[in-house]
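In: quick one, structure for this:
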Amino acid sequence: MMVSRCSVAWLCAALLLPGYLVAADCPFHNKIANVDMSQPSRSLAEYNVAAVQRLDLKAVKADLKALMTDSQAFWPADFGHYGGLMIRLAWHCAGSYRRWDGRGGCDGARQRFEPEQSWADNTNLDKARKLLVPIKQKYGDALSWGDLITLAGSMAIESMGGPYIGFCAGRIDDKDGTASEPLGPTASQRVIAPCIDGDGKCEEPLGQTTLGLIYVNPEGVMANPVPELSVAHIRSTFARMGMNDSETVALIGGGHAFGKTHGACPTGPGPSPKDSPKNPWPGTCGSGEMKGKGPNAFTAGFEGSWTTVPTEWSNQYFKNLIKFDWEKHKSPGNHWQWRPKHKPNSPDANKPLPDIMMLTSDVALTKDPVYLELVKTYAEDMDQLTHDFGHAWYKLMTRDVGPVTRCIGSDVSPVQEFQMPLPPPPAQQPCFAKVRADIVKALNTPSRAIAGDSVDGQPYYGALFSTLAWQCASTFRQTDYFGGCNGARIRFPPQSKWPANKGLDKVLQVLHPVKAEYATLTYADLIVLAGTVAVDQASGSVKDNGSDNGFSFCPGRADASDGKGTETLAPRNYSTIAIESRDNMVVQGLYAWEWVALAARPRSPVRQQLLGYSGSWTTNPSNLTNDYFKVLLGEDWQQCKSAKGLDEYKAIGKALYMIPADIALKQDKEFSAIAKEYAADNSKFVREFTAAWTKVMNADRFDGPAGNVCNSKPSATKVVGASSIGGSNVVI
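Out: Presented below is the predicted three-dimensional model:
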């Protein structure tokens with residue numbers, strides 16, 4: 001007897017109160033309760049681009065360097081220099097970045113708010129920010145907190161003789177810490193990026209192994225001082241923020257060339273900002289004006305400096321690691337750390353040992369063959385260390401800002417590989433009116449590359465073209481500004497090999513004859529234009545109140561030469577489709593109405609079968625109407641498995657199919673309400689789909705930190721016959 005592969009799913013319902021998910025017990029949802037996942041984007045402060053462009057960066061740098069040696073009574077400078085403190089401030093602001101979803105980093109300066117400000121790793125950094133307040137007040141809106149903090153760290157390094165390769169200004173401050181909630185430890189973090197193996201052993205998607213720390217526990221895995229065990233954690237956590245082995249070792253040793261740790265107080269720093277907002281981390285040792293300060297301070301619980309010259313740039317850290325053996329002992333703050341001892345038969349055996357220390361995570365660099373070779377290289381070659389640390393620091397400070405096209409200021413470094421650089425677009429653009437006409441012809445022209453859908457007995461490629469454009473452009477992440485179709489990296493691995501992109505290389509081949517006709521037509525412009533022409537044709541350019549709501553196209557994209565860097569943009573895995581839908585919406589920077597509208601983009605039955613599904617919700621993908629919502633809401637759906645074993649939903653009594661992401665819209669109270677609006681008003685749907693589609697297609701076309709080259713007034717013509725590089729949308 002054959003067992004049915006479908007079960008009734010429509011009886012399950014998940015309610016979404018404003019800003020909150022409340023799940024019912026059903027096969028589709030896990031439990032989600034009281035977790036705010038409705039934020040479409042960050043809550044940003046106003047940004048005055050003109051003021052930033054006028055900023056006298058040279059004066060700011062001079063003020064920061066003067067601050068470094070101007071010790072203040074409320075928090076005396078170690079060794080008379082605030083360099084180590086400012087490096088820690090900048091590192092811990094930028095170092096929260098994680099590659100998995102692009103969250104974290106110092107863009108937004110959310111270290112000023114919960115949850116980051118109360119992380120154990122940020123103990124007493126409120127004092128560092130207090131030192132910067134006069135400079136922030138002096139320059140006002142021209143200098144964001146994110147720019148100030150990162151520049152302070154860079155100037156600290158330069159003031160002590162270290163490398164400075166440039167500064168990318170353009171960080172926009174957040175108004176609150178909401179965007180850092182998924183970094184933890186919070187309810188939303190437990191839903192979006194749970195720590196499965198237990199705090200202290202957290203894996204990706206989290207960036208750190210221990211919640212409240214930046215990377216690893218420096219005392220050792222689970223505070224166990226075994227350096228060999230820390231190696232894997234170090235390599236993993238630095239990789240999660242996009243750093244390779246040489247960058248990892250250079251950053252650790254270069255950063256630890258400066259400053260000291262504080263752990264002389266055995267009773268800790270006192271309550272955090274979360275517990276004592278008006279007087280955080282007051283200190284528990286000492287008395288009078290020096291309570292909790294200087295020799296009575298507690299930050300991480302370790303005590304000492306890594307070198308004998310903690311206010312000078314040197315490679316002594318690496319030399320010390322090799323020159324001495326290291327033995328563990330407890331700091332006054334009751335944390336394991338390491339002190340030097342002479343190696344057996346050392347010629348210096350009778351000399352006094354230096355007053356330095358190492359952490360378990362430092363000693364671990366000698367317990368891995370790759371790390372050890374890098375330690376030896378940097379111990380012997382100061383120039384190599386200076387080069388590698390300078391570039392790794394710039395990457396650490398800048399990785400979350402996005403492509404170099406978002407940077408402004410007089411000190412912007414030449415474009416770096418991590419910024420996924422692109423060549424300039426062709427100076428002379430093709431006549432896009434002609435390109436458009438050729439694409440329209442290709443919509444119904446048979447191709448040997450891939451069989452199109454069949455509409456009225458004729459081949460139809462429109463749904464495939466729009467899918468190619470969507471898969472190319474929807475990789476954009478507003479969290480770190482990477483992704484999008486500029487570059488057309490979907491042509492190359494790893495992106496071309498993602499299961500979700502199966503067969504799209506064949507779809508691109510359908511467009512090759514069009515590409516061959518125009519020497520200056522880039523693949524990136526072709527992909528976006530083909531998808532846009534397809535949805536425009538499918539929508540019939542619905543008119544509303546006499547105005548044309550046709551789709552627009554902004555030319556001027558360039559083509560990348562490879563797919564390097566796109567591995568970080570791969571589709572993410574979540575515990576449920578409900579969480580996946582909500583979080584993908586947030587990461588892309590979309591509002592709920594945009595997300596729901598875009599779910600109705602044309603869907604090819606041929607492609608659905610290629611992916612392993614039984615079919616689509618429609619047999620006619622050439623129409624972009626609100627029929628999608630009528631079918632979704634009007635049918636009862638059975639949960640099934642396709643012949644290929646994929647989860648899908650079948651309309652009871654009909655050969656119509658939806659995928660789990662579709663049912664998530666129906667089972668989400670907010671999404672469902674929007675879907676009902678669209679089902680009742682086709683004109684509203686097409687109008688809002690058009691706006692959302694254009695937003696996604698153009699999201700990566702940066703013009704500085706807050707601008708977009710496509711946001712100038714659209715051309716009045718229906719079709720552009722343009723010859724020069726775009727900077728505006730043109731109605732197609």
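
In: list the buried residues in stretch 621-638.
Out: Counting neighbours by 16 or more other C-beta atoms under 10 Å, one finds that the buried residues in stretch 621-638 are 621-622, 624-629, 631-632, 635, 637-638. For the C-beta atoms, the positions are set from N, CA and C on the backbone; glycine is no exception.

In: now do it, average pLDDT.
Out: Per-region confidence: stretch 621-638 scores 97 on mean pLDDT.

In: kindly report the same for stretch 309-321.
Out: 98.

In: got the CA coordinates for it in PDB?
Out: Output in PDB follows, covering the C-alpha atoms of stretch 309-321 (Å, rounded to 0.1, in the frame of the first residue of the first chain):
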ATOM      1  CA  VAL A 309      58.100  48.700  25.300                       C
ATOM      2  CA  PRO A 310      54.300  48.900  25.300                       C
ATOM      3  CA  THR A 311      54.100  52.400  23.800                       C
ATOM      4  CA  GLU A 312      56.400  51.600  20.800                       C
ATOM      5  CA  TRP A 313      55.800  49.700  17.600                       C
ATOM      6  CA  SER A 314      58.000  46.600  17.600                       C
ATOM      7  CA  ASN A 315      58.100  42.900  16.900                       C
ATOM      8  CA  GLN A 316      59.200  42.100  20.400                       C
ATOM      9  CA  TYR A 317      56.000  40.200  21.000                       C
ATOM     10  CA  PHE A 318      57.000  37.600  18.500                       C
ATOM     11  CA  LYS A 319      60.600  37.500  19.700                       C
ATOM     12  CA  ASN A 320      59.400  36.900  23.200                       C
ATOM     13  CA  LEU A 321      57.200  34.000  22.200                       C
END
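
In: and the host helix or strand of residue 88, what does it pack onto?
Out: Using DSSP states H and E, the element containing residue 88 is helix 83-94. Contacts defined by 3 or more C-beta pairs under 8 Å, 6 or more residues apart in numbering; DSSP states H and E place helix 83-94 against helix 57-68, helix 125-139, helix 145-159, helix 382-398.

In: neighbouring contacts of it?
Out: 64, 68, 77-78, 105-106, 109, 111, 119, 121-122, 125, 127-129, 131, 146, 149-150, 152-157, 159-160, 214, 255, 258-260, 310-311, 396-397, 399-400 (C-beta atoms under 8 Å, 6 or more residues apart in numbering).

In: repeat for stretch 228-247
Out: 95, 97-100, 104, 203-204, 206-209, 215-217, 220-221, 248, 251-252, 360-361, 364-365, 367-368, 370-371, 374, 388, 391-392, 395-396, 399, 418, 568.

In: how does it look with 7 Å?
Out: The contact list for stretch 228-247, computed with C-beta atoms under 7 Å, 6 or more residues apart in numbering, reads 95, 97-100, 204, 207-209, 215-216, 220-221, 248, 251, 360-361, 364, 367-368, 370-371, 374, 388, 392, 395, 399, 418, 568.

In: let me see the contact set for residue 658.
Out: Going by C-beta under 7 Å, 6+ apart, residue 658 touches 617, 632, 637, 648-649.

In: export these to JSON lines and tack on secondary structure and distance to residue 580?
Out: What follows is the contacts of residue 658, written out as JSON lines (DSSP: H, G, I helix; E, B strand; the rest coil; distance: C-beta to C-beta, whole Å):
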{"residue": "617", "secondary structure": "coil", "distance to residue 580": "19"}
{"residue": "632", "secondary structure": "helix", "distance to residue 580": "18"}
{"residue": "637", "secondary structure": "strand", "distance to residue 580": "18"}
{"residue": "648", "secondary structure": "strand", "distance to residue 580": "16"}
{"residue": "649", "secondary structure": "strand", "distance to residue 580": "16"}
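
In: farthest-separated two in the residues you listed?
Out: Between any two of the contacts of residue 658, the greatest separation by C-beta to C-beta is 13.5 Å, found for 632 and 648.

In: quick one: low-confidence ranges for this protein?
Out: 1-41, 541-549, 712-732 (pLDDT under 70).

In: quick check, central residue of it?
Out: residue 102 (1.1 Å; C-alpha atoms, centre = their mean).

In: pretty sure it sits against residue 482.
Out: Yes: between residue 102 and residue 482 a contact is recorded at 6.5 Å, counting by C-beta atoms under 7 Å.

In: need the nearest residue in space to residue 144, chain neighbours excluded.
Out: When the adjacent residues along the chain are set aside, residue 144 lies closest to residue 173, with 4.7 Å between them (C-beta to C-beta, 6 or more residues apart in numbering).

In: also residue 181?
Out: Per C-beta to C-beta, 6+ apart, closest to residue 181 is residue 188, 4.5 Å.

In: same question, residue 534
Out: Residue 534 sits nearest to residue 462 (C-beta to C-beta, 6+ apart), 3.8 Å away.

In: and that neighbour, how far from residue 551?
Out: Residue 462 sits 13 Å away from residue 551, going by C-beta to C-beta, to the nearest Å.

In: more neighbours: those two, which one.
Out: For residue 462 versus residue 551, neighbours defined as other C-beta atoms under 10 Å are more numerous around residue 462 (29 against 24).

In: for the more buried one, give me its contacts.
Out: Residue 462 neighbours (C-beta under 7 Å, 6+ apart): 443, 534, 537-538, 602, 621-622.

In: again with residue 424
Out: So residue 424 contacts residue 558 (C-beta under 7 Å, 6+ apart).

In: three-state assignment of it?
Out: Three-state call for residue 424 (DSSP: H, G, I helix; E, B strand; the rest coil): coil.

In: coming back round to it: tell me which of the contacts of residue 462 is nearest to residue 510?
Out: residue 443 (9.6 Å).

In: and the closest one, its phi and psi?
Out: phi -60, psi -30 (degrees, to the nearest 10).

In: and the closest residue to it other than its chain neighbours, how close does it get to residue 394?
Out: Excluding the flanking residues, the one nearest residue 443 by C-beta to C-beta, 6+ apart is residue 462, at 5.1 Å. Residue 462 sits 44 Å away from residue 394, going by C-beta to C-beta.
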